[in-house]
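K.L.:
Structure here, sequence nowhere to be found:
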């Protein structure tokens, strides 16, 4: 018995060292465990920066349908985007997903509302009424200001205490030049099976305020850790390498990100 096990292990070892074995192992990792992504835009500043290269945890929310790398062709036809449904994103999670209007593109935003949650934006500020109701809002958001509107409690600016990278740009004002959705939205009830996403760089984020909530089938995973980071001047950001999203929110690292953003984005009027 021991000899059979040893022989099997030897065969697996030799197979893994072959070209075929190596390719299959790499594809298995990319499809089901971790995939590399680069942050190309500033919509998640100050939490994630342009030039952050990170591994995404692909199994965080079930198993997404594998796609052929670069061509983004699904390898398992007939699925709703997942070959196995798992946990749903949680409020406050950073989520990697396929852009609903072009599923070949990946976006990275923060999940701010779940199916059944209600929300609106007024004067740039997000207000959330969780689907669980008033008692849950009092308990889960006890450190936040709660606004009573017609008997419903609305959480003002949720997630900003736990995730200090969320911020606004004082230079973006409601003067008719910038998109109205940045400043105000209608009352929204998030549809069943969908998730409302917003960027931490609130006034520069092209997100669910503009194109709606994201279906679960387009959810791909969540950032795991940064394996490399480089700025626009090709300087390596050594302090970010190996950090998880939680690590990147700690004061020392976050303060550097804020300082860089203030200088770099002094005249930034774009949406990402």
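P.N.:
Arrived safely. The structure displayed is predicted, hence computed values, not measured ones.
K.L.:
low-scoring stretches of this structure, by residue?
P.N.:
For the chain, applying pLDDT under 70 flags the ranges 1-33.
K.L.:
hmm, who's touching stretch 41-51?
P.N.:
Residues outside stretch 41-51 that contact it (C-beta atoms under 8 Å, 6 or more residues apart in numbering) are 38-40, 54, 94, 108-110, 163-167, 199-201, 204-207, 223, 229-232, 237, 240, 245, 248-249, 254, 257-258, 260-261, 265, 268, 271-272. In this view, the C-beta of every residue, glycine as well, is placed from N, C-alpha and C.
K.L.:
Which parts of that stretch count as buried, going by neighbours?
P.N.:
By neighbour count on 16 or more other C-beta atoms under 10 Å, the buried set for stretch 41-51 is 41, 42, 43, 44, 45, 46, 47, 48, 49, 50, 51.
K.L.:
SS state for the fourth one?
P.N.:
The three-state assignment at residue 44 reads coil, by DSSP: H, G, I helix; E, B strand; the rest coil.
K.L.:
is it true that residue 76 touches residue 82?
P.N.:
No: the criterion here is C-beta atoms under 8 Å, and residue 76 misses it with residue 82 at 9.7 Å.
K.L.:
Now, of the contacts of stretch 41-51, which are buried?
P.N.:
Buried among those by 16+ other C-beta under 10 Å: 39, 54, 94, 108-110, 163-167, 199-201, 204-207, 223, 229-230, 237, 240, 245, 248-249, 254, 257, 260-261, 265, 268, 271-272.
K.L.:
thinking again about what came up before, now for residue 76 and residue 82: what residues contact both?
P.N.:
Residues touching both residue 76 and residue 82 (C-beta under 8 Å, 6+ apart) are residue 65.
K.L.:
Compare those two (neighbour count), which wins?
P.N.:
residue 82 (18 against 13; other C-beta atoms under 10 Å).
K.L.:
Next, the closest residue to that one other than its chain neighbours: phi, psi?
P.N.:
Distances taken as C-beta to C-beta, 6 or more residues apart in numbering place residue 62 nearest to residue 82, at 4.7 Å, with adjacent residues excluded. Backbone torsions of residue 62, given as degrees, to the nearest 10, read phi 90, psi -160.
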